[in-house]
Structures are given as structure tokens and as C-alpha cells.
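> just need the structure, nothing else, for what follows:
(chains A and B)
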Amino acid sequence: MEQLVQQILSGLATGAVYASLALALVMIYQATESVNFAQGEMAMFSTYIAWSLVQAGLPFWLAFLLTVAVSFLGGVLIERILIRPVEAAPVLSQVIVFIGLLVIFNSTAGWIFTYTVQEFPSPFGDVPLLGDMITSSELGVIGVTLVVLTLLYVFFRFTPLGFAMRAAAQNPGSARLVGIRVGWMLALGWGLAAAVGAVAGIMVAPVLFLDPNMMSGVLLYAFAGALLGGISSPGGAVVGGLIVGVLENLVGTYLIPTELKLTVALAVIIIILVVRPSGLFGTVMVKRV
Amino acid sequence: MVDAGKIANADLTGSSAAGLSSDGWRRLGVLAVIAVALVLPWLFSNYHVFQFTLAMIYAIALLGLNLLTGYNGQISLGHGAFFAIGGYTTAILMHRWGVPYYLTIAPAGLLSFAIGVLFGLPALRLEGLYLALVTFSLAVAIPQILKYFDSWTGGSQGILLAKPAAPAWFPVGTDRWHYYLALAILLLVFWAGRNLLRSRTGRALVAIRDHPISAVAMGVNPALYKTMAFGVSALMTGIAGSLAALATAFVAPDSFSPFLSISFIVGSVVGGIATISGAVFGGIFIQFVPNVASDISDAAPWAIYGLFLLAFMYLMPQGIAGTLGELCRRLAAARAATMASRRGPLE
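Just a heads-up that it's a prediction; the model follows:
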């Protein structure tokens, strides 16, 4: 019983990271109806920036804030320079552009920082808490994720800019008519997604260790989480990410050998999706004929 | 997505030049390409012949993907899995039971077909991104499954095969034999694929993609056609996997990583997703462009590859075949216009 609670809590910690990245995917999806497959590699690259800053002697939290700011700018620039030209292209062509970005980030990170696995410092230490139920780093990850989610919720719910961004995503034509610069709202969305991704990368790096391929598995789980929760619902994506994290941990501990962990976790998600094709919290699309 | 009019290939303008209809020109072009393909292995070294062989094998796999994703609108990011199933069927049949290699190609295709149909059933309930996730999961799972059942698959070591030599009645050397074998099967699969897509089945597939509800109203059974599309697509890709196992004489889980599936969708889109000839361009792209990229930069070859992808999508968002087709149509229209203006005053 104690082990079960322990596994669930540690699953929630990894799930929190999946939830952040899933949220980043949903933010771009809502605005553009396409999934940014390069989100994970962008987060990996951000994490390397944070690592370099810490190596250069900056205190952890300053490096953290700087990285998030740089990632935000990077996301805005990528949208403006690289994504804008294919805005009107077929969806699959956009997917290829995302795959192109993915390999560019992966290869460039390997080139600059080498493929050697690096240790990444955890700002929360590794102290067992609550009678060995949870470690301080796991609690820290959950806490940071909650803060980020609350900030995003407040931003999109209560600020004029947040409203403008939602308007631009939901109804670009009308948004443009009331004077919102839709193109720039998209770019801001990319910036925010990149910043949230950077937080996810920095949070997961102490657990997975840092190397250029660190995020490929995380992205898949985040994608699965986003779809599980329903890709049209930000709250659903967060819950979906958490469920995937817990599920992954429990399946790996109790059911089957770790070599097949990924396979079985994905199979479970697929079964859920076959039963509920729009995800747990997604709205069912109604098509007009 | 490409609209249906472009796919139907119906050249209604009926433009003609030098006494040949545009269909005649197309037939002539295909014959010329086949003639070049027949001569090619005698002009290059064995290593290059091997590379051409792989490019053709990829083209067969991509035709399967084009049929499913391009014509039927079902996205698959997991076709590497069917490639693996084809390859491993051939390898296990040869290695365990000593079946002659030429008898393993058909079973490889049939097993892929069966698994493709089974996989197409749950896929019926899923669309777009959801299908992309499910198929990509298949691509992620396949190497793990292959490693796990190691008594059959040889685990992560894989299976080493004896490379089949050319038969006595066709003494051209091993590499050229595999080249001609791949070419023969490529022509067969492309001929069958073209006939399939130009028949009522092909029109039903396109109708389901473009407007499922109208398709049902016209009496098309979407469930039947969609699962069959999955099966036939897997069949083609499985045959390609079988040929690849023969040509490389080796299968191992790591040759079928998710990256292979990503390469397939890249090849498909860069070649031209809802076209037949696009599969050939795509095959050439995924075989040769990574080599070109590593020639340009040893340090970060995949960054160069990524830049190639961006450039291709900026310049030709419809893929190579789509852009070439567009170009041909424009040329034909321009020629028709000049002909008309030249004829004008006399009439």
C-alpha cells in the first residue's frame, strides 16, 4: 500500500512534466490546428541553455528565469521567420516543417554540446519527505508546474492580452475586425509555448539526465496526454498528462518488464481513445453538411 | 490536402503537341524512365547499384503510404512497422525453415496485409492526429517487441542472412540481380497500384477522404474501403520490407526505429503525397539526401537535412510530383494559348 502511494506520487511528478509539455502542444494546436512535433526538441535546447548558464556560474533560479525569457523570444522568432511562410500550406507540409525543425534542433544541440550525457542539478535536493512517501525534488516539480499553470490560467482568463490571444485563436476573422493583430498573437502563443516547454525541460532534466535525445520519449507521452485529455481542452491536457505519468509508473512497477513499459502504456492509451475518440474531456466535433 | 481534381489526372484541355496527346507523352516518359532504369546498373559501381536498389524499395513502401495517407486521407506515422514485419517474415522464413528467398516475398506481403487490416479496424474510429498518435505508437513499439521475442527474432542482434545470389539463367552478379528484382517488383506494384487508383475503388478512396458523408450517400462503404486501404498499403510496404531484408541480407530491431517511419512520411510529402510518381521521387529523396547532407557537414548532418526539408516545403509545398504536375499544366495552357492566337487571324 505504501509502495502504491509512493509510485502514484512519483508518477504525478513525471506527469506534471508531461502536463506542461502537453499544454504547450495544446496552445499551438488551438491557434493553428497542427501539432508542433519540434516542441520537445525546443525544450531540450532550452534546457541546454540553462545548463550552460549554470555551468558559467549563475545561480540556478537566475539561469532558470533567463532561459525562460530566451526561450520565449526564440519561440516568437521561430513563428515569425520559419512558420509564417507555410501558414497556408497543406497540413502535412507543415508537419514536415516541424520534423525539419526537430532534426535541426537535435543535430545542432549534439554539435554544440556533444552527445555526452550530462548531469543536471536539481534545485530542490533529494530529501525524502512525508515518511518517505515523496522526495523533495518530486514535490518541487509538482509545485513549479502548479505555479506555471496558475499563472497561465490567470493570464488567459483575466488579462486583455490573454483575451486577445484567445480571440485570435478561436475566430481569427472577427479578431482581426476588432483590431487584434492576429499574426502577432500567434507568435506570442509560440513564445509562451516555448517558455512552458523550457520549464518542463528544466524540471525533467535532473531525472532523465541531459542529452540531445532526452525529450523524444517525453514528447510522445505529452502528445498522448494531450490527446487523452482532449486536444481541444487545456485543462484536459493537464489532467491527461498527469494520468499518463501515473499510468506509466504503475504499469512499469506492477504489470510487466520495463522493456515493454512504453509499449503497454501506449496500448492502454490507445484502448481509451478507441472507446472515447475525442479524449476524456474534449468536445465531440459536430460536422455540418 | 490536394484537391480531387488534380488527382483524377483528367487532362480535360486535351492539349497535344507533335501529334501526341498528353496521355501519349506521359506513356512515352514512363517508357523512357524504364529504359534508363534498365541500363543504369551497367553504368555505376556495385555500391551505387545497391543504393539505387534501396531507393526503389523505398519507392514501393512510399506508394503504399501514398495510397493510405494521400488518397484515403488516413495519416500513418507508423509504416516502418509494416516494413519491419515484411523484413522479419522473410528473414525468419529463410533462417528458421530454409525457405528459398523468392518464396518469402509473397508471405511477407500477405502477413503485412493481414496485420494492416487488423490495425485498420480500430483506426476506423480515429481520425487525423489521433490516428497519427496510434500509428506512431506502433512505430515506437515495434523495436521493443522485436527485442522482447528474441527466440524468434534474434533479439537486438537481429538475423544475419546469406545474400541470395543471381540465378544461373540470369548471370548478372548479386547486386545487379537484386536491382532487377526490385525493379521488376516495383513495376508490378506500381502497375497494380495505378490500376487500383484509377478504378472505382480509387475514386471511392478519394471520395471518402474528401467528403465521407457524400461518399456514404453514393453507396460507398467507408469501413470496408478504409480497412482495405490499410491492408493494401501495408501489403505494399511489407513487400518492400521483404526486398530490403534480401538486399541488405540483415534485419535488426534498430533498423526499424521510429525514425524510419518519420523518413517514410517525409519521403511521401516531399515526393508528392497524393500522386503515384511522387513515391519514386520520395524514394530517391530518403535514400540520397541524407548522404548529400553528411557530405556537406560532417558535424551536424541532420541539421543540413532539416534545412533541406524546410527549403523543399517552402519552395514546393505540394511535393515534387505536385509541383512538376502544376508546371506541366501551366506549360500546356500557355502552349494552347499561343496556338490559339497563332491560328486566330487565319480562321
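> where along the stretch 201-347 of chain B do the strands fall?
Using DSSP state E, counting those that start in this stretch, the strands of the stretch 201-347 of chain B run over B:250-251.
> low-confidence ranges in it?
Scanning the stretch 201-347 of chain B with the threshold set as pLDDT under 70 gives B:343-347.
> try the stretch 151-289 of chain A
Along the stretch 151-289 of chain A, segments meeting pLDDT under 70 span A:256-259, A:282-289.
> how near is residue B:61 to chain A?
Look at residue B:61 and chain A: by C-beta to the nearest C-beta, to the nearest Å, they are 17 Å apart. Backbone N, C-alpha and C define where each C-beta goes, glycine included.
> residues contacting the spatially closest residue to that residue that is not a sequence neighbour?
In this structure, residue B:61 finds its nearest non-sequential neighbour in residue B:240, 3.8 Å apart by C-beta to C-beta, 6 or more residues apart in numbering or on different chains. By C-beta atoms under 8 Å, 6 or more residues apart in numbering or on different chains, the contact list for residue B:240 reads B:57, B:58, B:60, B:61, B:64, B:83, B:86.
> what's the spacing between residue B:240 and residue B:186?
Per C-beta to C-beta, to the nearest Å, residue B:240 is found 9 Å from residue B:186.
> show me what from the stretch 151-300 of chain B comes close to chain A.
By C-beta under 8 Å from any C-beta of the partner chain, the part of the stretch 151-300 of chain B that sits against chain A consists of B:213, B:262, B:265, B:266, B:269, B:270, B:273, B:299, B:300.
> try it again with 10 Å
B:211-214, B:217, B:258-259, B:262-263, B:265-270, B:273-274, B:293, B:297-300 (C-beta under 10 Å from any C-beta of the partner chain).
> list buried residues within those residues.
Buried members of those, scored by 16 or more other C-beta atoms under 10 Å in any protein chain shown, are B:212, B:258, B:262-263, B:265-270, B:273-274, B:293, B:300.
> what's the closest of those to residue A:75?
In terms of C-beta to C-beta, no member of these lies closer to residue A:75 than residue B:300, at 21.7 Å.
> that closest one contacts residue A:108, correct?
Yes: in this structure, residue B:300 is within contact of residue A:108 by C-beta atoms under 10 Å, at 5.9 Å.
> returning to that earlier point: from the contacts of residue B:240, list just the buried residues.
B:57, B:58, B:60, B:61, B:64, B:83, B:86.
> I'd say the first one and residue B:244 touch.
Which is residue B:57. Yes: counting by C-beta under 10 Å, residue B:57 touches residue B:244, with 5.0 Å between them.
> hey, what's in contact with both of the two?
Common contact partners of residue B:57 and residue B:244 (C-beta atoms under 10 Å, 6 or more residues apart in numbering or on different chains): B:83, B:178, B:182.
> just give me the closest of the residues you listed to chain A.
Distances from chain A to these, taken as C-beta to the nearest C-beta, are shortest for residue B:83 (18.1 Å).
> surely the closest one touches residue B:257?
No: at 11.2 Å, residue B:83 does not count as touching residue B:257 under the criterion of C-beta under 10 Å.
> joint contacts of those two?
Contacts common to residue B:83 and residue B:257, judged by C-beta under 10 Å, 6+ apart, are B:139, B:142.
> the residue nearest to residue B:225 when sequence neighbours are not counted: neighbour count?
Distances taken as C-beta to C-beta, 6+ apart place residue B:204 nearest to residue B:225, at 5.2 Å, with adjacent residues excluded. Around residue B:204 there are 23 other residues, counting by other C-beta atoms under 10 Å in any protein chain shown.
> thought residue B:204 was touching residue B:222?
Yes: with contact defined as C-beta under 10 Å, residue B:204 reaches residue B:222; the gap is 8.7 Å.
> hey, what's in contact with both of those two?
Joint contacts of residue B:204 and residue B:222 (C-beta under 10 Å, 6+ apart) are B:72, B:215.
> quick one: the helices in the stretch 201-347 of chain B?
B:212-217, B:222-248, B:258-271, B:278-296, B:301-315, B:319-343 (DSSP state H, counting those that start in this stretch).
> the stretch 101-250 of chain A too?
A:136-158, A:160-170, A:172-177, A:182-208, A:215-229, A:234-250.
> nearest to chain B, out of the ones you listed?
That would be, of the helices of the stretch 101-250 of chain A and by C-beta to the nearest C-beta, helix A:215-229, which comes in at 5.4 Å.
> show me what that closest one is packed against.
Contact analysis of helix A:215-229 by 3 or more C-beta pairs under 10 Å, 6 or more residues apart in numbering or on different chains; DSSP states H and E lists helix A:2-32, helix A:39-55, helix A:91-113, helix A:182-208, helix A:234-250, helix A:261-275, helix B:128-148, helix B:258-271 as its packing neighbours.
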